[in-house]
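Asker: Provide a 3D model corresponding to the input given below.
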Amino acid sequence: MTSTEQIEANRKNATLSTGPRSEQGKQVSRMNALRHGLTAKQVVIEGEDPEELDRLLEALFNQYSPQQFLRRTPNEFLENYFAYKGIDLEVDFSAPKAKEIIFQALINLPDAQQAEIETEFQNINALACEGGVAALIDESRHHIDDDFTETIAAIVGFHAKLNTVVIKRHDIKNVESKRN
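Answerer: Next up, the predicted model:
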């Protein structure tokens, strides 16, 4: 149990500890409890470079994995891709949890076929950004295709845009090799 003298000493000490008074001190102390920042309202801490954060996020987003690729590509485009390749995965692309079923069907394909698809998915993933789509549009101008820009603009999502190019425009797709 705390004694009366100790309670009085604590009260006296508390009057001396008022926290930061200057604006600079308040700005510094507001970060004292920061642990991870996952729920932060302020994404970039003072003194950090926002462009560095953008580069890091882009690098993380562009990391390829088959599961991430499938999640980012609408099912209708995946269905069109496999139909174009003549591969019947025996999957209902509109089913709930279709992405997991598609992934399982993909890894059950023969190794050579799976490797070919993986390479194509990696190429699509590498170009699935604003710069990749811009390069494809530029390449389409070389092939004198004025409708291509409008077609691509109407499609939502970079992975879906690139999937359309793979299926419908083999002459433009060679931008992949120019990128590397």
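Asker: how about the closest residue in space to residue 29 that isn't next to it in sequence, what does it touch?
Answerer: Nearest residue to residue 29, sequence neighbours excluded (Cβ to Cβ, 6 or more residues apart in numbering): residue 20, at 4.8 Å. Just so you know, the C-beta spots here come from the backbone N, C-alpha and C atoms, and that holds for glycine as well. The contact partners of residue 20, by Cβ atoms under 8 Å, 6 or more residues apart in numbering, come to 26, 28-29.
Asker: Repeat that for residue 80.
Answerer: For residue 80, the contact set (Cβ under 8 Å, 6+ apart) comprises 163, 167.
Asker: Phi, psi for it please.
Answerer: Main-chain torsions, residue 80, degrees, to the nearest 10: phi -60, psi -40.
Asker: do residue 20 as well
Answerer: Residue 20 has phi and psi values of phi -70, psi 140 when expressed as degrees, to the nearest 10.
Asker: quick one: low-confidence ranges for the protein?
Answerer: 34-41, 60-62, 143-146, 169-180 (pLDDT under 70).
Asker: sorry, back to before: in JSON lines: the contacts of residue 20, plus neighbour count and distance to residue 80.
Answerer: Below are those laid out as JSON lines (neighbours: other Cβ atoms under 10 Å; distance: Cβ to Cβ, whole Å):
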{"residue": "26", "neighbour count": "11", "distance to residue 80": "57"}
{"residue": "28", "neighbour count": "12", "distance to residue 80": "55"}
{"residue": "29", "neighbour count": "11", "distance to residue 80": "56"}
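Asker: Among the residues you listed, which lie within helices?
Answerer: The members of the contacts of residue 20 that map onto helices under DSSP state H are 26, 28-29.
Asker: Reformat those residues into CSV and put distance to residue 111 next to each item.
Answerer: Shown next, in CSV, are the ones in helices among the contacts of residue 20 (distance: Cβ to Cβ, whole Å):
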residue, distance to residue 111
26, 61
28, 57
29, 58
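Asker: For residue 81, state which of those residues is nearest.
Answerer: If you rank the ones in helices among the contacts of residue 20 by distance to residue 81 using Cβ to Cβ, residue 28 comes first, at 52.9 Å.
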